[in-house]
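Student: Just the structure for this:
(one chain, ligands or ions: 2)
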Amino acid sequence: RCCLWPSSLFLSEFILSFPELFAKKCCFELGSGVGLVGVCLNHVGASKVILTDGDASTLTNMKANMEMNNLHIEDSQLVKESKNKVECKYLSWEEACESDLRDYQRDIVLGADIIYNPSCVPHLVRVLCMLLRGDDGRHESVNAATNGEIGDEVSGTTATGGPVAYIATVIRNADTFNCFAKAAADAKLSVVNITSSAAPSSFLPYMISYDRSSVQLLKITLLS
Ligand SMILES: C[S@@+](CC[C@H](N)C(=O)[O-])C[C@H]1O[C@@H](n2cnc3c(N)ncnc32)[C@H](O)[C@@H]1O
Ligand SMILES: *[C@@H]1O[C@H](CO)[C@@H](O)[C@H](O)[C@H]1NC(C)=O
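Tutor: Ligands and ions are numbered 1, 2, ... in the order given. A predicted model of the protein is given here:
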């Protein structure tokens with residue numbers, strides 16, 4: 001869908017508020033929509049940005065948006081060589097398999113408003129597990145030590161140094177959210193609500209239609 005959802009505004013503000021969490025990190029987003037999160041990640045100096053979506057026309061629009069910002073790059077080899085560019089990739093959660101993800105190193109997985117369709121939830125959880133496990137054997141974690149200014153809850157590290165996911169969400173339907181929470185727990189994912197500790201600064205005061213209080217931020221890691 002080609003519009004901006006409050007969750008992506010909140011996630012963008014979170015990225016701009018804690019740039020050190022994302023600088024020099026490989027970032028991989030699910031359900032990127034228009035791609036605003038990618039622009040912010042590039043802005044704070046992420047070493048690689050991979051945006052994905054499972055809708056072909058959304059992906060075309062996303063690429064056009066990245067081109068307008070001089071950020072779009074077609075070839076994954078070029079992404080590896082040139083810093084600060086954004087790759088847009090087709091990724092459907094239903095179809096995704098390990099081999100689709102093997103070439104994408106990731107320290108941080110992101111998502112904004114991707115928990116809303118109960119029939120997608122099991123697939124989304126499966127993809128999150130694959131991304132957080134990084135068990136394609138290629139993942140090299142480069143997580144920096146916890147920055148003193150940021151509470152441990154928010155920090156982009158896990159005890160094992162594995163990838164971390166930040167998912168911003170608006171809970172429109174409690175049943176759908178509970179379905180996600182249960183599927184995540186069954187899959188041995190730890191889901192921590194960091195909404196209040198993350199408290200991003202307001203970078204988008206001119207977005208008057210954006211109700212930040214409706215958005216929650218979850219930090220998700222693999223329970224080892
Ligand atoms: C509500 S929009 C959010 C877009 C953007 N992250 C934002 O917050 O503005 C959900 C996005 O997830 C994508 N999506 C939904 N189901 C998906 C699936 N099963 N596989 C891949 N992408 C999916 C949609 O195409 C859409 O772009
Ligand atoms: C997460 O925390 C926020 C703020 O502390 C709270 O309003 C919200 O209900 C919590 N959400 C969940 C799913 O626990």
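
Student: Any residues of this structure in contact with ligand 2? List them.
Tutor: Listed as neighbours of ligand 2 in the chain under the rule Cβ under 6 Å from any ligand atom: 193, 195, 196, 216. Placement of C-beta: from N, CA and C, glycine included.

Student: which secondary element of the chain has the worst mean pLDDT?
Tutor: In the chain, the helix or strand scored least confidently by mean pLDDT, DSSP states H and E is helix 76-81, which has a mean of 58.

Student: Just the CA trace of the next helix or strand after it, in CSV.
Tutor: Later in the chain than helix 76-81, the nearest helix or strand by DSSP states H and E is strand 86-90. C-alpha atoms of strand 86-90 as CSV (Å, rounded to 0.1, in the frame of the first residue of the first chain):
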residue,chain,number,x,y,z
VAL,A,86,19.4,1.1,-0.4
GLU,A,87,18.5,-2.1,-2.1
CYS,A,88,14.8,-2.9,-2.6
LYS,A,89,14.0,-6.6,-2.8
TYR,A,90,10.8,-8.5,-3.4
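
Student: contact partners of strand 86-90?
Tutor: Residues outside strand 86-90 that contact it (Cβ atoms under 8 Å, 6 or more residues apart in numbering) are 32, 35, 38-39, 41-42, 48-54, 56, 59, 62-63, 66, 71-74, 76, 79, 104.

Student: thinking again about what came up before, as TSV, the residues of the chain next to ligand 2 with distance to residue 10, secondary structure and pLDDT would be great.
Tutor: Listed next are those as TSV, based on distance: Cβ to Cβ, whole Å; DSSP: H, G, I helix; E, B strand; the rest coil; pLDDT from 0 to 100:
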residue	distance to residue 10	secondary structure	pLDDT
193	13	strand	96
195	9	helix	93
196	13	helix	89
216	9	strand	95
